[in-house]
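**Student:** Next come a sequence and a model predicted from it.
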Amino acid sequence: MTVEIERRGLMLVLSSPSGAGKTTLSRWLLESQNNVAMSVSATTRPMRPNEVEGRDYFFKTEAEFRAMAERGDFLEHAVVFGHQYGTPKAPVFEALRRGRDVLFDIDWQGTQQLCEKARDDVVSIFVLPPSRGELERRLMARAEDPPDVIARRMAKADGEISHWAEYDYVIVNDDIVRAQAQVDIILEAERLKRTRQPGIFDFVEKLMHGR
């Protein structure tokens, strides 16, 4: 007999310097966990070919985005390469209410904003590379960026890594399979927290009174 207890979802944040592995871990989570959904951001960036409204982004004009920010509709928002990006609050909270977990691939600044708005719902993980040499090797192996961009990413890494202590959990990604297992353990433990299981109270009441 399987007992299903109603639970509230959580916001799972993965942050890391570029090349440490958070994108790989995010993709694995979405493929392996049927109850995890990627957070969908709003943006003022123009829609690209093959992008779908509401799946890839919520596309907004500058005026629409500004109005949302003024109303407090975002959990976090920032300017990236001249365009506004933000996480709308309503769909995230609706997913949490239905017991779904929402995944965020954001930096330390976005994580701070999330924690200011909904600390009890946030579980944050910082992913570290095993060494600076390995981080640089991974960036070069991707063959996506020219040497000057890789140099900028390496220079930025120190600033990003300096915020590691602000996170709930820290993983050293020296082996992707081991890192995946560690994320799995964290996610399962956080789902089992008493405060995230509103249905446990009724279950215990029935258990105590023989129903």
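**Tutor:** Noted; the coordinates are in hand. Numbering: from 1, shown residues only.

**Student:** Residue 70: neighbouring residues, count only.
**Tutor:** Residue 70 has 8 neighbouring residues, counting by other Cβ atoms under 10 Å. Glycine gets a C-beta too; all of them are placed from N, C-alpha and C.

**Student:** With residue 110 instead?
**Tutor:** Neighbourhood size, residue 110 [other Cβ under 10 Å]: 21.

**Student:** so what's it scoring on pLDDT?
**Tutor:** pLDDT recorded at residue 110 is 90.

**Student:** Could you find the closest non-adjacent residue to it?
**Tutor:** Once flanking residues are discounted, residue 110 sits nearest to residue 76: 4.5 Å by Cβ to Cβ, 6 or more residues apart in numbering.

**Student:** in which helix or strand would I find the one you found?
**Tutor:** strand 74-80 (DSSP states H and E).

**Student:** How about the secondary structure of the residue most central in space within the chain?
**Tutor:** Among the residues of the chain, the one closest to the centroid is residue 104, at 1.8 Å (Cα atoms, centre = their mean). Here residue 104 is strand, with the state taken from DSSP: H, G, I helix; E, B strand; the rest coil.

**Student:** what do you get for residue 179?
**Tutor:** Strictly by three-state DSSP, residue 179 counts as helix.

**Student:** One more: residue 34?
**Tutor:** Here residue 34 is coil, with the state taken from three-state DSSP.

**Student:** Quick check: the gap between it and residue 100.
**Tutor:** Noted for residue 34: a distance of 10 Å to residue 100, by Cβ to Cβ, to the nearest Å.

**Student:** Pick out whichever of those two has more residues nearby.
**Tutor:** Higher neighbour count among residue 34 and residue 100: residue 100, with 16 against 8, using other Cβ under 10 Å.

**Student:** so how far is residue 193 from the more buried one?
**Tutor:** 16 Å.

**Student:** In the protein, mark out all the helices, start to finish.
**Tutor:** Under the criterion DSSP state H, helices of the chain are mapped to 22-32, 62-71, 89-97, 108-118, 132-141, 147-161, 176-191, 200-208.

**Student:** so which of those is the most packed in?
**Tutor:** helix 108-118 (a mean of 18; mean count of other Cβ atoms under 10 Å).

**Student:** who does that one touch, helix- and strand-wise?
**Tutor:** With contacts taken as 3 or more Cβ pairs under 8 Å, 6 or more residues apart in numbering; DSSP states H and E, helix 108-118 sits against strand 11-15, strand 74-80, strand 101-105, strand 122-128.

**Student:** a markdown table for the helices of the chain, including distance to residue 125?
**Tutor:** Putting the helices of the chain into a markdown table (distance: least, Cβ to Cβ, whole Å) gives the following:
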| stretch | distance to residue 125 |
| --- | --- |
| helix 22-32 | 8 |
| helix 62-71 | 27 |
| helix 89-97 | 18 |
| helix 108-118 | 10 |
| helix 132-141 | 17 |
| helix 147-161 | 14 |
| helix 176-191 | 6 |
| helix 200-208 | 25 |
